[in-house]
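Q: sequence and predicted structure, then a few things I'm wondering about:
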Amino acid sequence: MAREGYSNIVFVLGLTLILTTISFFSGGSLHWKIPSMVSAVLLLFTLYFFRDPEREIRIDPKHILSPGDGVIVEIKEVEDDFVGSAWKITMFLSPLNVHINRVPISGKIRFVKYKYGAFKAAFAEDASEVNEQSVVGLENDLMKVKFAQVAGALARRIINYLREEDEVIQGDRYGLIKFGSRMDVTIPRVAQLMVELKEPVRGGITVLAKLD
């Protein structure tokens, strides 16, 4: 279970216990029974959302791993200030996906920037430009990679533990986005793409691209 979800779980658990107790002492009145059942369902969803499964990470310096679970919704060529000529890969994370985020390559963190903005739906075409997000630049001897946690209409809290000059290992957990979101990964254009549109990906497992 992701520790970032403990406060949410405790709150919903407490609410469920209170409503269930009131429902019991009210003789099973529907006025209290229905809210207690809804709260119980919400508790199950919260527990499911904050799951944090262990994964066997296969470290390869030439591979760029997916930083999160979701579905690829966009792949395009861009010119990036940090990466240079690049591919920008966007993935959408539904509330049912695992939301733990992982580092795509090993290396040193060159910058961490937080950009305040809107909370448009994560699948909106311009969400990467206007939505609130946390952006990280990461570099090693082979490449530069930039990746961003992008908030959505439901995702109002981005958690990122990375700091400038941190040394990280491919597949390390580094944060999450609460309740639905998207992620952007900008990688060198010389890398060979290993995914395509509408393909499901898994954080720390799926290889997005690789260097020859």
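A: Great, that's in hand.
Q: which parts of the chain are strands?
A: Remark: strands assigned in the chain by DSSP state E are 63-65, 70-80, 84-93, 100-102, 107-115, 133-139, 144-150, 158-160, 167-168, 173-177, 181-188, 192-193, 200-201, 207-210.
Q: quick one: closest of these to S7.
A: Of all the strands of the chain, it is strand 158-160 that lies closest to S7, at 11.8 Å by CB to CB. For glycine as for every other residue, the C-beta is placed from the backbone atoms N, C-alpha and C.
Q: and that closest one, what does it pack onto?
A: strand 107-115, strand 133-139, strand 173-177 (3 or more CB pairs under 8 Å, 6 or more residues apart in numbering; DSSP states H and E).
Q: which other residues reach the second one?
A: Strand 133-139 has contacts (CB atoms under 8 Å, 6 or more residues apart in numbering) with 82, 103-105, 107-115, 117, 144-151, 158, 160, 162, 168, 174-175.
Q: so for that strand, mean pLDDT?
A: Averaging pLDDT along strand 133-139 gives 95.
Q: how about JSON lines for the helices and strands packed on strand 158-160, with mean neighbour count added?
A: Below are the helices and strands packed on strand 158-160 laid out as JSON lines (neighbours: other CB atoms under 10 Å):
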{"stretch": "strand 107-115", "mean neighbour count": "15"}
{"stretch": "strand 133-139", "mean neighbour count": "22"}
{"stretch": "strand 173-177", "mean neighbour count": "23"}
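Q: so for R55, which of those strands sits nearest?
A: The closest of the helices and strands packed on strand 158-160 to R55 is strand 173-177. By CB to CB, the value is 9.7 Å.
Q: tell me what the closest one is packed against?
A: strand 100-102, strand 144-150, strand 158-160.
Q: measure R173 to L42 for me?
A: Noted for R173: a distance of 25 Å to L42, by CB to CB, to the nearest Å.
Q: also Q170?
A: Separation of Q170 from L42 (CB to CB): 35 Å.
Q: check which helices and strands the lowest-mean-pLDDT helix or strand in the chain sits against.
A: Lowest by mean pLDDT, DSSP states H and E among the helices and strands of the chain is helix 127-130, with a mean of 72. Packing partners of helix 127-130 (3+ CB pairs under 8 Å, 6+ apart): strand 144-150, strand 181-188.
Q: same thing but at 10 Å, please
A: strand 84-93, strand 144-150, strand 181-188 (3 or more CB pairs under 10 Å, 6 or more residues apart in numbering; DSSP states H and E).
Q: extract the C-alpha set from that helix and format it as CSV.
A: C-alpha atoms of helix 127-130 as CSV (Å, rounded to 0.1, in the frame of the first residue of the first chain):
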residue,chain,number,x,y,z
ALA,A,127,-3.5,19.4,-20.9
SER,A,128,0.3,19.1,-21.2
GLU,A,129,0.6,22.8,-21.9
VAL,A,130,-2.0,24.3,-19.5
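Q: quick one on the thing from earlier: distance to D69 and mean neighbour count added to the helices and strands packed on helix 127-130, as TSV?
A: Converted to TSV, the helices and strands packed on helix 127-130 look like this (distance: least, CB to CB, whole Å; neighbours: other CB atoms under 10 Å):
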stretch	distance to D69	mean neighbour count
strand 84-93	6	21
strand 144-150	13	24
strand 181-188	10	24
